[in-house]
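S.K.: Using only what follows, build the 3D model:
(chains A, B and C)
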Amino acid sequence: MATGTNTMTKDTILKVEHLSMKFGGLMAINDFSFEARRGEITALIGPNGAGKTTVFNCITGFYKPTMGMLTLKRSNNKEFLLERLRDFEINKVAGVSRTFQNIRLFSGLTVLENLLVAQHNVLMKASGFTILGLLGLPAYKNAAKAAIEKAEYWLEKADLTDRADDPAGDLSYGAQRRLEIARAMCTEPELLCLDEPAAGLNPKESLTLNALLRGIRDEGTSLLLIEHDMSVVMEISDHVVVLEYGQKISDGTPDHVKNDPKVIAAYLGVEDDEVEEIEEKLEEGTI
Amino acid sequence: MEYFIQQLANGLTLGSIYGLVAIGYTMVYGIIGMINFAHGDIFMLGGFAALIVFLILTTFFAGIPVALALLLMLVIAMLMTGLWNWTIERIAYRPLRGSFRLAPLITAIGMSIVLSNFIQVTQGPRNKPIPPLVTDVYHIGNITISLKQILIVVITSILLFAFWYIVNKTPLGRAQRATEQDRKMAALLGVDVDRTISITFIMGAALAAVAGTMYLMYYGVASFNDGFIPGVKAFTAAVLGGIGSLPGAVLGGLLIGLIESLWSAYFSIAYKDVATFAILAIVLIFKPTGILGRPEVEKV
Amino acid sequence: MANGYQNVQEDVMAKAVKEGAIAGIIAFLMFLVFVGIETYQDINNQLVWRTRWGLLAVFVIVAAVGRFLTVGFIKPHLDKRKLAKAKTGILEVSEEKSFFHKHFLKIALVFLLCYPFLAMMIFGRQGSLKYVDNFGIQILIYVMLAWGLNIVVGLAGLLDLGYVAFYAVGAYSYALLSAHFGFSFWLLLPMAGILAALWGIILGFPVLRLRGDYLAIVTLAFGEIIRLVLINWTDVTRGTFGISGIAKATFFGIWSFDTGTANNFAKVWGLPASSVYYKMFLFYIILALCMLTAYVTIRLRRMPIGRAWEALREDEIACRSLGINTVATKLTAFATGAMFGGFAGSFFAARQGFVSPESFVFLESAVILAIVVLGGMGSLTGIAIAAVVMVGGTELLREMEFLKHVFGPDFTPELYRMLLFGLAMIIVMLFKPRGFVGTREPTAFLRTRKAVSGSFTKEGHG
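M.R.: Now for the predicted structure:
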């Protein structure tokens, strides 16, 4: 199980081609293409306002892209064009799950209930779309038991077992982030999209989070994450895509991206003509 | 054609009244995001205030010029309902601001019940007829336009302009718009939010009082349950025009007035309200933010 | 120290006097026209007026004294109590529940089962009519309606201001189908529910993608449309005259409650003729219907669909991201709520023997919604309590004959019924914005079942 990425086949899980998104007259994303590979953690980084969350919202069906093709390939080799699916089908059919930048939990439901809601589609089928379940048939009872077991598994993973019966709104910020990830995982996604999972976490919580994310990857779920915290990105991602002003400026391994002058320029806020200067300095080794 | 123009004139008159009431709904909704269900009853209260002032005036000053009487009715009704709405906001809505969102809606519905029943108890359940105030009528070809219709449209237009000016050009209007955008931030920047909201309620009530007075003048009768149907229609107008938008409220009001009069003229009087509500439903289904409303961007 | 305290005390008093005076002035101005002057029609049908200064003075004094007492005594007292509580650090919630508290539901159910017989024992056969019908059945109808609406508003968080439409669909379905086809109550009861649910789906489908208050206003519009159609489609509904002579429910076809029939209940059992048996029978039917509503609600809450409803109330966007078809989920909530409204409607028609559009005005929707919110959204117990307090309370007002001795023979307490109902709505909301029962029972637990405080639950956006 924990043999890591090497045993995984490195085929593409998500292919974004020529994605463009226009809000009114504003071109938020402009002809953006990249690929996320199965079994990897792909990070989407870029300065504030680069359009990262917009890309996310296009992939997860909250926005309909102006142009472009988003292809998701499931492990059974079925392909889905995400931009053609209805919002909820992206999770239900294509197996893409997500978390939100400003955490969206069901705060009045308990932690356990949050995880049970995430298993809605499985349970719905088991309950014969409610009708058989109302009659109290054993099939549903077994499914309900299995659902709780799965919830327990993820509670354990997210270190939330002790808080299972507390309202989600009562958790600390870090715990809420972990719960949101656990909830997304309860839908059994093939691709998990995380929007700034480390935002607002203290260093210790950040480390726990890294371990959790690695664990998720090693169990076979591919990850796509937006992150600001470079230490998290460099630490855990296998592949980094850099976005600036809605366009891709770099794509590669963390090391490659780290040394890409364009990326440094983007993060330091340098004008285009100064990029070469930085390139030179890099070669000299002064940065 | 003449029949059509005649109906158009009737529709515009009615629409002006709805528009005035709709402004009160739209402003309160814009600033605190609450459907002020009692607003229709504030409108009814305004009509009753005008009615009682009219009775007193005709008793003590039998020969009073109509224009002066009307002016006094308007002013006193505006002050009176303004005070009522201010008090209502203070005791029934303000304590619930920022709490559970349905709570103020329920107190508003409660307040609506209280106001109409209060008038029923204190003034009796029967319709209150008054002699016609303004009787002049003009004929243009076969079209009959009464002076009261002209008055209603003119007064509405003047008030609208005054309102537009207040909201767009004065510090008070700026404070209102700021509160509407972001209440906390406005408070941090020194806007007296409570006062701004109070003034919004007073302004909305004053307009409703004008509408109530004109409704009384137009139909010559007041009743304790006059608040509900015109209230719902005015709210419909506000939603139709795009809730939160002042021009939208007026446009919505005029549309509702026109739909009502044209539908009664050409189809059936019985189903005129059905037509109004059906059009509301259709508009909302296809353009949920109303005609002039800002599109709501779903934040994820 | 003591001096300082005294100063504070004096300040409070000075403030109370000032606030009381201001309240008096405001009340004077507010009520001057509406209370101080009474308009009425004289013999010539002319509108005239007279003054009522005495009554105005009462209003002003009540306002002034009330404000004075609030500022001067009640508020400092409450503040002090709050402070004392904060100091001791003990939360209000006591862990130990009394026997009554623990078994409240069982006790209530047993009481309800015995209620008609108790009423008959205490007030005699004819005397109990009022208690079984006006209090028992009337309250239970509202309990059922509010529990039905609770699925839509309390669980799914969809604000429905036109719930009475489904009540009307149920009532008219029964009235018309029984008149035209002679179907029995027991056939029409489920049919009415299904028809209402169907209407829920038809009306719900186009509007459920609307958000928040837009949904509220469209449901209100649909409620009014249905009422207006009932008024104006006179060929079928007989308009405002309504439909009368609706067939009574029978005891599953075995015994009838119509006088003069061979299988009349009283005759068969050799009891003296009285309408009380029918009322008692109806009482048990509506009680059973209420229990059915409660049972289904409780079961559904523990099913995926019920959890999805509550999740929808908490966060619709998150629901979509978890693969939940939000439109279908909303629609099921709408249809389920409508179905119970339809059941209640057909029961109402059977009980009254008469339906007219008068019974299905917006005010009814508002009252039902108020009961749901006052009870505490989502809480069946809270809603039942709210229905008893609000409906029972206003019914009680009809009985207050003794008030006539206090206020004179012209005094009709009934007139004040809705006025007090409205005031009660406002007052309860001001003191308990989350309703009588503000906590939420979780639908599943790992170790311990803990109630969720109302401060975490959301009210939905629609």
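
S.K.: near chain C at all, stretch A:149-169?
M.R.: Yes - judged by C-beta under 8 Å from any C-beta of the partner chain, stretch A:149-169 and chain C are in contact via A:Glu152, A:Leu155, A:Thr161, A:Ala164, A:Asp165, A:Asp166, A:Pro167, A:Ala168, A:Gly169. (Each C-beta comes from the backbone N, C-alpha and C, glycine too.)

S.K.: So which of the residues you listed is surrounded by the most neighbours?
M.R.: A:Ala168 (27 neighbours; other C-beta atoms under 10 Å in any protein chain shown).

S.K.: That one reaches A:Leu112, doesn't it?
M.R.: No - taking C-beta atoms under 8 Å as the definition, A:Ala168 is not a contact partner of A:Leu112, at 9.5 Å.

S.K.: Could you say which helix or strand holds the nearest residue to A:Tyr63 once chain neighbours are set aside?
M.R.: In space, A:Tyr63 comes closest to A:Asn57 once its chain neighbours are excluded; the distance is 4.4 Å by C-beta to C-beta, 6 or more residues apart in numbering or on different chains. Using DSSP states H and E, A:Asn57 sits within helix A:52-59.

S.K.: what's in contact with that helix?
M.R.: Outside of helix A:52-59, the residues within contact range by C-beta atoms under 8 Å, 6 or more residues apart in numbering or on different chains are A:14, A:16, A:19, A:21, A:28-29, A:32, A:44-46, A:63-65, A:68, A:70, A:82-83, A:90, A:96, A:98, A:101, A:193, A:195, A:224, A:226, A:243, A:246, B:300.

S.K.: Please flag which of the residues you listed sit within strands.
M.R.: A:14, A:16, A:19, A:21, A:28-29, A:32, A:44-45, A:68, A:70, A:96, A:98, A:193, A:195, A:224, A:226, A:243 (DSSP state E).

S.K.: what sits against the closest residue to B:Ser146 other than its chain neighbours?
M.R.: Leaving aside its chain neighbours, B:Ser146 sits nearest to B:Val137 (4.8 Å; criterion: C-beta to C-beta, 6+ apart). Shown in contact with B:Val137 (C-beta under 8 Å, 6+ apart): B:Thr144, B:Ile145, B:Ser146, B:Leu147.

S.K.: and of these, the nearest to B:Leu254?
M.R.: Sorting the contacts of B:Val137 by how near they are to B:Leu254, with C-beta to C-beta, puts B:Ile145 at the top with 16.5 Å.

S.K.: Helix, strand or coil: sort out the closest one for me.
M.R.: Of the three states, B:Ile145 takes strand according to DSSP: H, G, I helix; E, B strand; the rest coil.

S.K.: quick revisit: quick check: pLDDT value at the residue nearest to B:Ser146.
M.R.: pLDDT recorded at B:Val137 is 82.

S.K.: which stretches of chain A form strands?
M.R.: A:12-23, A:26-37, A:41-45, A:67-73, A:79-81, A:96-98, A:191-195, A:222-226, A:239-244, A:247-252.

S.K.: Let's verify B:Ile166: helix, strand, or coil?
M.R.: Three-state assignment for B:Ile166 (three-state DSSP): helix.
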